[in-house]
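Chemist: Could you look at this predicted model? Sequence included:
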Amino acid sequence: MASKELEMRLYTALDDPSEFEPFLDDTEYEDRKTQCLETPQTISLPKITLPPRGRFLRFARYSVFGVYRRIFLAVFIINIWQGHRILTMRRRSKYSPLLVDISTAFALNMFVAILIRQDYIINFLFKLYWFVPFAAPLRLRRSLAKIYEYGGLHSGAAICSVLWFSLLSAILFKEFLTLRIADPLIMICTVIVMGFLWTILVTAYPWIRARRHNTFEVVHRFGGWIVLGLFWPELWLFTRALGHQAGPTSPGAVLTKLPVFWLLIASCFHVALPWFRLRRLSIRPERLGVGVHAIRLHLDEKVSNCVVYRIGDTPLKEWHSFACIPSPDGKGGSLIVSNAGDWTRRAINNPKRAYYTRGIPTVGVLCMAQLFRKVIIVTTGSGIGPCLGTMMNIPATTCRVLWSAPEPRHTFGDEICDRVLDVDPEAVIIDTHKEGRKDLVKLAYALYVEEGAEAVFCVSNKALTKHFVYEMESRGVPAYGPIWDS
């Protein structure tokens, strides 16, 4: 019991108290509703005892070897297998096609890492799974709903590409020291590319990325562009070196015959593709209630269902993703921005009339709820925004809502609260200012059992979401939530 209470304190303590402090001057607010959600609601759920967690194997499956890491590991195993095949293959020449094969492996991994982050690829994969009918086995649908952990493919391929380039660089250095390669330019270019690649890799480490996210974004974006730019002279110098070593007719001496040449073209195209759709997004800010810690930004352009917009003050600085709530008339939508850092605090205090956006809106984890007949949606605070954007547009799926927030009507306004009740008239809404923070794991499990739901989705801060999903999965309940891997 003591350990359980300690865990609950850990994730509730990680909530920033400032999240619930006002950042705008309060104005008089009159509640026009006869039934106000500020009044504490009686949580009438059956007395269901939360079962114990699974033992070691279940812990290993859902923490150490989660889906993200399993995908990551699969990419590594495939690359190790291919590496063994490439390095042990009998060849006529020491230089070609060994170096050609290594460069191809590097470029292919880099291309996969870039491709899996493309908006249209993400949308295609998610929407493809939406066609899976309810009649499909529940086990299959539960597995397919984990598609949002595709980031394991990105990180696995990216790391492998750096390792392949490191191996290529090591061979080039050896040949340079033994005077088999006499051109110092290729070594200079290789050293610079290596430096940028490893800097990008180090700053992408989760611990560093979480604490220096702005640095991570700058290094990832500008470092990536510089690396792609340097690859072109590197590739030309590479083909020239192979031509000197293995003859002008060798497979590596003709630029257009190298697979890496075409893979590099495809990679550059896909890096530039989202920027072709860079545009200014006009918005109308709306203050939500009294003592708000969030603001609502209304869009005039037509919004698809279950999508996420990336917005930023300027094109080359930080970008932030927010789920969009489509308007009932289908002519626009809105984003709810809550206080979660410096940028969001500025957006709440001084909202702009327009923000930049790029690419196309993408779908997110919550849209996978439509694979199930009935789901439990658990959210806290402004997480109700992305939940509403999905729940209102999946009529075939029954959604039960468990929402914990401080003074919901005062904080988020009547329209948001009424829409929640439209989706689920029996929604369990907890006013944390009057009732305190409840154990959402116990409440969600009781609701899951009572309703006979097929899955549970959670949208909250990073610490609570991670804790909630693990607590559910370790008890055999399929649970899903954002993983903050980008």
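Modeler: Done, it's in.
Chemist: mind checking the SS state of I325?
Modeler: Counting by DSSP: H, G, I helix; E, B strand; the rest coil, the backbone at I325 sits in strand.
Chemist: Let me see the contact set for it.
Modeler: Going by CB atoms under 8 Å, 6 or more residues apart in numbering, I325 touches 333-336, 385, 388-389, 392, 419. C-beta here means a position set from N, CA and C on the backbone, and glycine is covered the same way.
Chemist: just T362 next, same as before
Modeler: When contacts are counted by CB under 8 Å, 6+ apart, T362 is found next to 119, 122-123, 307-308.
Chemist: Restricted to strands, list the residues you listed.
Modeler: Per DSSP state E, strands hold the following members of these: 307-308.
Chemist: Just name the closest of the contacts of T362 to L288, please.
Modeler: Minimum distance to L288 across those is 19.8 Å, recorded for V308 (CB to CB).
Chemist: so where's the stretch 351-486 of the chain shaky on pLDDT?
Modeler: Applying pLDDT under 70 to the stretch 351-486 of the chain picks out residues 486.
Chemist: Where do the strands of it begin and end?
Modeler: Assigned by DSSP state E, counting those that start in this stretch, the stretch 351-486 of the chain shows strands spanning 354-357, 362-363, 374-380, 398-405, 428-431, 455-459, 479-480.
Chemist: would you list the ones you listed in CSV and tack on distance to T465?
Modeler: Output for the strands of the stretch 351-486 of the chain, formatted as CSV (distance: least, CB to CB, whole Å):
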stretch, distance to T465
strand 354-357, 25
strand 362-363, 18
strand 374-380, 9
strand 398-405, 13
strand 428-431, 17
strand 455-459, 5
strand 479-480, 10
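Chemist: How are the helices of the stretch 51-200 of the chain distributed by residue range?
Modeler: Using DSSP state H, counting those that start in this stretch, the helices assigned to the stretch 51-200 of the chain run over residues 56-59, 67-88, 98-115, 119-129, 138-144, 151-177, 184-203.
Chemist: Any chance you could give me stretch 186-204 in CSV, C-alpha atoms only?
Modeler: What follows is stretch 186-204 as a C-alpha-only set of coordinates in CSV (Å, rounded to 0.1, in the frame of the first residue of the first chain):
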residue,chain,number,x,y,z
ILE,A,186,37.2,13.5,-48.7
MET,A,187,38.7,13.1,-45.2
ILE,A,188,37.9,16.7,-44.3
CYS,A,189,34.3,16.3,-45.5
THR,A,190,34.0,13.0,-43.7
VAL,A,191,35.2,14.4,-40.4
ILE,A,192,32.7,17.3,-40.6
VAL,A,193,29.8,15.0,-41.5
MET,A,194,30.7,12.6,-38.7
GLY,A,195,30.8,15.5,-36.2
PHE,A,196,27.3,16.6,-37.1
LEU,A,197,25.8,13.1,-37.2
TRP,A,198,27.1,12.3,-33.7
THR,A,199,26.0,15.6,-32.3
ILE,A,200,22.5,15.0,-33.7
LEU,A,201,22.5,11.5,-32.2
VAL,A,202,23.7,12.7,-28.7
THR,A,203,21.2,15.5,-28.5
ALA,A,204,18.4,13.1,-29.5
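Chemist: before we move on, back to that, and of the contacts of T362, the nearest to V254?
Modeler: Distance to V254 across those (CB to CB) is lowest for D119, with 34.8 Å.
Chemist: So the closest one sits against T357, correct?
Modeler: No. Between D119 and T357 there is no contact under CB atoms under 8 Å: 11.2 Å.
Chemist: Which one's more surrounded, those two?
Modeler: Higher neighbour count among D119 and T357: T357, with 21 against 18, using other CB atoms under 10 Å.
Chemist: Do I have it right that L299 meets F322?
Modeler: No. In this structure, L299 is not within contact of F322 by CB under 8 Å, at 10.6 Å.
Chemist: what's the overlap in contacts for these two?
Modeler: Common neighbours of L299 and F322 (criterion: CB under 8 Å, 6+ apart): 309, 335.
Chemist: So the residue lying closest to G359 once chain neighbours are set aside: helix, strand or coil?
Modeler: Leaving aside its chain neighbours, G359 sits nearest to P274 (3.6 Å; criterion: CB to CB, 6 or more residues apart in numbering). At P274 the chain is in helix, as set by three-state DSSP.
Chemist: Please read off the pLDDT at P274 from the model.
Modeler: For P274, the model assigns a pLDDT of 93.
Chemist: residues touching it, list them.
Modeler: Each residue near P274 by CB under 8 Å, 6+ apart is listed here: 118-119, 358-359.
Chemist: can you do 10 Å?
Modeler: By CB atoms under 10 Å, 6 or more residues apart in numbering, P274 lies in contact with 117-120, 310, 357-360.
Chemist: so where is the stretch 201-350 of the chain shaky, pLDDT-wise?
Modeler: Along the stretch 201-350 of the chain, segments meeting pLDDT under 70 span 243-253, 289-292.
Chemist: do the same with the stretch 51-200 of the chain
Modeler: Under the criterion pLDDT under 70, the flagged ranges of the stretch 51-200 of the chain are 51-59, 62, 91-96.
Chemist: and if we set it to 80?
Modeler: Residue ranges of the stretch 51-200 of the chain with pLDDT under 80: 51-64, 90-97, 179-182.
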